[in-house]
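In: Provide a 3D model corresponding to the input given below.
(2 chains)
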Amino acid sequence: QKEVEQDPGPLSVPEGAIVSLNCTYSNSAFQYFMWYRQYSRKGPELLMYTYSSGNKEDGRFTAQVDKSSKYISLFIRDSQPSDSATYLCAIKGGGSNYKLTFGKGTLLTVNP
Amino acid sequence: DGGITQSPKYLFRKEGQNVTLSCEQNLNHDAMYWYRQDPGQGLRLIYYSQIVNDFQKGDIAEGYSVSREKKESFPLTVTSAQKNPTAFYLCASSIIGATGANVLTFGAGSRLTVL
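Out: Now for the predicted structure:
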């Protein structure tokens, strides 16, 4: 079983839709959960990161972590064409373990 | 503005040639990383360095080499021993702490194509 699983899509939605992006993970030692957004031919940029189970909101974006199910989600409300990108989840263990484990990314297209 | 500069943005190489990708950061970050990104594969760690003059292999180090002579710089050499070097290469940096999220800041990437 891979450490992090992410459906690569592609996912295509109309403008204004609510988008749900998801990752599952296998290692219960993971403690930090991040979402990166990557536009075509660019480097990833951090959208959000969370530490605990529950929800964290930032504008139209909500990150949700369910440690009991080993499941993380990113919700995008009122999606815009500018949200069209690849979304990568990244997960890290605790302590001094530096390593991030990335999902393969989900390609999202928001159609005007 | 603080950030990470990767160069060149696009690079073409003939088989059997070594090439070096540049990565410079002015964020005063301690740690630097090189990732490779292929379609459908996600990001795979090649090398990382937490301090000057020290670096460690990541998951796919074979055919690559790095150096860390300055805190700001972490160049990656793709050698002729790398059998499938065509890919998008991403450099990243982070603040090293004993605990914490280890949030990475990425450069814009370098796309290497072997002809």
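
In: Show me where chain B dips below the pLDDT cut-off.
Out: Applying pLDDT under 70 to chain B flags residues B:1, B:97-101.

In: mind listing the strands for it?
Out: B:4-7, B:10-13, B:19-25, B:31-38, B:42-51, B:54-57, B:64-66, B:76-78, B:87-94, B:105-106, B:110-114 (DSSP state E).

In: quick check, the shortest one touching chain A?
Out: Yes: where contact is defined by C-beta under 8 Å from any C-beta of the partner chain, part of strand B:105-106 touches chain A, namely B:Thr105, B:Phe106. Backbone N, C-alpha and C define where each C-beta goes, glycine included.

In: re the thing from before, present the strands of chain B as JSON lines; the columns should include mean neighbour count.
Out: Listed next are these as JSON lines, based on neighbours: other C-beta atoms under 10 Å in any protein chain shown:
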{"stretch": "strand B:4-7", "mean neighbour count": "18"}
{"stretch": "strand B:10-13", "mean neighbour count": "14"}
{"stretch": "strand B:19-25", "mean neighbour count": "19"}
{"stretch": "strand B:31-38", "mean neighbour count": "23"}
{"stretch": "strand B:42-51", "mean neighbour count": "20"}
{"stretch": "strand B:54-57", "mean neighbour count": "14"}
{"stretch": "strand B:64-66", "mean neighbour count": "20"}
{"stretch": "strand B:76-78", "mean neighbour count": "21"}
{"stretch": "strand B:87-94", "mean neighbour count": "24"}
{"stretch": "strand B:105-106", "mean neighbour count": "20"}
{"stretch": "strand B:110-114", "mean neighbour count": "18"}
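
In: count of neighbours near the nearest residue to B:Ile4 once chain neighbours are set aside?
Out: If the residues on either side of it in the chain are set aside, B:Ile4 comes closest to B:Gly107, at 3.7 Å by C-beta to C-beta, 6 or more residues apart in numbering or on different chains. Burial measure for B:Gly107: 25 neighbouring residues, criterion other C-beta atoms under 10 Å in any protein chain shown.

In: Please tell me how far B:Ile60 sits from B:Gln41.
Out: The gap separating B:Ile60 from B:Gln41 is 10 Å, by C-beta to C-beta, to the nearest Å.

In: What is the burial count for A:Pro81?
Out: Considering only other C-beta under 10 Å, A:Pro81 is surrounded by 10 other residues.

In: That one contacts A:Ala17, correct?
Out: No: the pair A:Pro81 / A:Ala17 is not scored as a contact, 11.5 Å apart, by C-beta atoms under 8 Å.

In: show me the contacts for the residue most central in space within chain B.
Out: With distances taken as C-alpha atoms, centre = their mean, B:Trp34 lies nearest the centre of chain B, 2.5 Å away. When contacts are counted by C-beta atoms under 8 Å, 6 or more residues apart in numbering or on different chains, B:Trp34 touches B:21, B:23, B:45-48, B:58, B:64, B:66, B:74, B:76, B:89-92.
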